[in-house]
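Q: Okay, structure incoming, though there's no sequence with it:
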């Protein structure tokens, strides 16, 4: 099943200093933070590729003045645009993707972007002998439902019983992306690392991720003097990761010798919804108490009722990364940004 | 996540007598047998759709003279062709697909057919208010590796650790097909049943399925007077299903009231490779003994070393189907056909 046409290089490490790195889906939360980190680490050129369907020019406006930054308006569903964009590039970060919401509302586009788009970009990378690809995967590859609890280690299979179709479609699309990477490594020696992000949050938060949005919604309610709403009994686990930590993980994936691996990228600790709401209340200095909102009958919960957490030891061992920003500090940064936004 | 635009009918049963049924991927092993069963059951019209990329006109040549048969040359990757073909159709059987080999050798086409093709056909079905769709899924949705052993019940998740990328891609593509069906049911009331076929074999066997091919390869060796070759120690389990039983399952899926379900379709009993080879030897009246061929180092076995079997009780309960043809009889029919082929 392997037809190696090129022998893989001795090490898959790509030092950022002096490198040309392209980010696909750059005008985004993770993209803009990663671009900052790449520039700070001495990248020679950072290409910010986006079709600006979800991404906004504002998300990367603060980077435009750096002479090493180049903005490329292109679409990963069009192979010919990627064949031009990736020429002479050393490293590629693939962020562009639809999430569960996209698979519910615009499944044709979501499949185009997540499946054909990934295939296109991988093809461009291997044709231009890009030295390393970092693929943004997701803990959605573990699926949802009763089987998804406890420690979600990287060998957990995709669970789908009882989950909403769009959530499973999203997870399956990320599995396909990872496996296309594996296939390109086995057949063509394209080095890659797949990072399975948990729920990312932070400054320049976009509005497509339900879980992270919940923090901002809660903040908005509290600022209006309304009590925060806790779904169920508030004991649900979430495992967020701060965007700055994700940016560091992307750089670590490029710079490590690792290839052909998929690792979890998650925050310092998981948190219950109840504790998360308390962080927001603390930030606001509010004495409001949360109100519990029982699930309406027939509600499908994406997470199991039981606690789960997403270990990141494998990322520590393989790419030398661990998260640094605890939830309290991350929420402070997110809400401080939102406050500043509201003032402008 | 549900936006019901039409209320689903009271029962999802589609009686075959008097119905117009379209088979996509009809010029195939399962397609040609199912067409025969549909005609025998009194279908008003049977539309045999194929692009003849894998399918051959010979596979359906014996059906051409029935005035109720219409051959439609079309491609499921082209939506407009399906919008024409499905007009006025009561039931659709979606067989057209690439398997693991296709995902290894032609992954672009394989994704086009299995993902976009399924999406196209589902879209055509719901636009033309087709009464029922039967989707040919696969036990590949359970994946491969150490987690895939024992009884492979329908709630087993997709395992991918250590499996070849092409095998996981195939399984993930079938999960996507099933979930697109679920989404169309939830959003548009398109009734469907997903049948997870195990390894299908029988007369008019094609050459794309490695496991079924093994039976014919073994037969060819024995006929040449060579000892059959047993991979590993011959204790590997396989679970085949005879094509006539699969055709009956397709009809049962249309006629049952069931919708929004996925059930295993497997043979009467699983079999070890060793017992399978003995069936071939018995058929040939040969006293040759098998030779054991240890796996070369680094071999990736698609099945776990341990025994597994694929229960079909759920199909019994939900669509009133159970397999009838035991392995010995099915192998007899397959090899008798091959013998007759060799003579022509």
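A: Arrived safely. None of the values given here were measured: they were computed from a predicted structure.
Q: What is the end-to-end distance of stretch A:35-54?
A: With Cα to Cα, to the nearest Å applied, stretch A:35-54 spans 17 Å between its terminal residues.
Q: chain center to that stretch: distance?
A: Here stretch A:35-54 is found 15 Å from its chain centre; the criterion is Cα atoms, centre = their mean, to the nearest Å.
Q: Residues of chain A that sit close to chain B?
A: Residues of chain A lying close to chain B (Cβ under 8 Å from any Cβ of the partner chain) are A:1, A:104, A:107-108, A:111, A:115-116, A:119, A:143, A:147, A:155, A:157-161, A:164-166, A:168-169, A:172-173, A:175-176, A:179-180, A:182-183, A:186, A:300. Glycine gets a C-beta too; all of them are placed from N, C-alpha and C.
Q: please redo it, this time with the cut-off set to 7 Å
A: Contact residues (Cβ under 7 Å from any Cβ of the partner chain) of chain A with chain B: A:1, A:104, A:107-108, A:111, A:115-116, A:119, A:143, A:147, A:155, A:157-161, A:164-166, A:168-169, A:172, A:175-176, A:179, A:182-183, A:186.
Q: how close does the residue nearest the centre of chain A get to chain B?
A: Here the mean C-alpha position of chain A is nearest to the C-alpha of residue A:197 (Cα atoms, centre = their mean), at a distance of 4.7 Å. Noted for residue A:197: a distance of 18 Å to chain B, by Cβ to the nearest Cβ, to the nearest Å.
Q: What is the helix or strand containing residue A:170 packed up against?
A: For residue A:170, the element it lies in under DSSP states H and E is helix A:165-188. When contacts are defined as 3 or more Cβ pairs under 7 Å, 6 or more residues apart in numbering or on different chains; DSSP states H and E, helix A:165-188 packs onto helix A:100-105, helix A:118-127, strand A:132-138, strand A:192-197, helix B:165-188.
Q: Same list as before, the ones you listed that is, but in JSON lines and with mean pLDDT and distance to residue B:331 included.
A: Below are those laid out as JSON lines (pLDDT from 0 to 100; distance: least, Cβ to Cβ, whole Å):
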{"stretch": "helix A:100-105", "mean pLDDT": "95", "distance to residue B:331": "43"}
{"stretch": "helix A:118-127", "mean pLDDT": "98", "distance to residue B:331": "39"}
{"stretch": "strand A:132-138", "mean pLDDT": "98", "distance to residue B:331": "43"}
{"stretch": "strand A:192-197", "mean pLDDT": "98", "distance to residue B:331": "42"}
{"stretch": "helix B:165-188", "mean pLDDT": "98", "distance to residue B:331": "25"}
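Q: mind listing the helices in the stretch 201-344 of chain A by residue range?
A: A:210-223, A:243-255, A:273-284, A:313-319, A:327-343 (DSSP state H, counting those that start in this stretch).
Q: just the ones you listed: most buried one?
A: helix A:243-255 (a mean of 25; mean count of other Cβ atoms under 10 Å in any protein chain shown).
Q: average model confidence for it?
A: Taken as a whole, helix A:243-255 has a mean pLDDT of 98.
Q: What lies in contact with it?
A: A:13-16, A:29-30, A:33-34, A:37-38, A:41, A:91, A:93, A:132, A:134, A:193, A:195, A:197, A:200-202, A:265, A:267, A:315, A:319-321, A:323-325 (Cβ atoms under 7 Å, 6 or more residues apart in numbering or on different chains).
Q: what's the distance between the residue lying farthest from the centre of chain A and chain B?
A: Here chain A reaches farthest from its C-alpha mean at residue A:287, the gap being 33.5 Å by Cα atoms, centre = their mean. Residue A:287 sits 36 Å away from chain B, taking Cβ to the nearest Cβ as the criterion.
Q: which ones are touching the residue lying closest to residue A:97 once chain neighbours are set aside?
A: Using Cβ to Cβ, 6 or more residues apart in numbering or on different chains and skipping residues adjacent in sequence, the residue nearest residue A:97 is residue A:114, 5.2 Å away. By Cβ under 7 Å, 6+ apart, the contact list for residue A:114 reads A:97-98, A:173, A:177.
Q: Just say helix, strand or coil for residue A:114.
A: helix (DSSP: H, G, I helix; E, B strand; the rest coil).
Q: so residue A:93 is in which element?
A: Assigned by DSSP H and E, residue A:93 falls in strand A:91-94.
Q: From the contact counts, what lies against that strand?
A: Packed next to strand A:91-94, using 3+ Cβ pairs under 7 Å, 6+ apart, are strand A:20-24, helix A:118-127, strand A:132-138.
Q: can you redo the ones you listed as TSV with mean neighbour count?
A: Output for these, formatted as TSV (neighbours: other Cβ atoms under 10 Å in any protein chain shown):
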stretch	mean neighbour count
strand A:20-24	27
helix A:118-127	23
strand A:132-138	26
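Q: Any chance of these in CSV with distance to residue B:76 as columns?
A: Output for these, formatted as CSV (distance: least, Cβ to Cβ, whole Å):
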stretch, distance to residue B:76
strand A:20-24, 29
helix A:118-127, 19
strand A:132-138, 29
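Q: rewinding a little: please check the residues of chain A next to chain B and keep the buried ones.
A: A:104, A:107, A:111, A:115-116, A:119, A:143, A:147, A:157-160, A:164-166, A:168-169, A:172, A:175-176, A:179, A:182-183, A:186 (16 or more other Cβ atoms under 10 Å in any protein chain shown).
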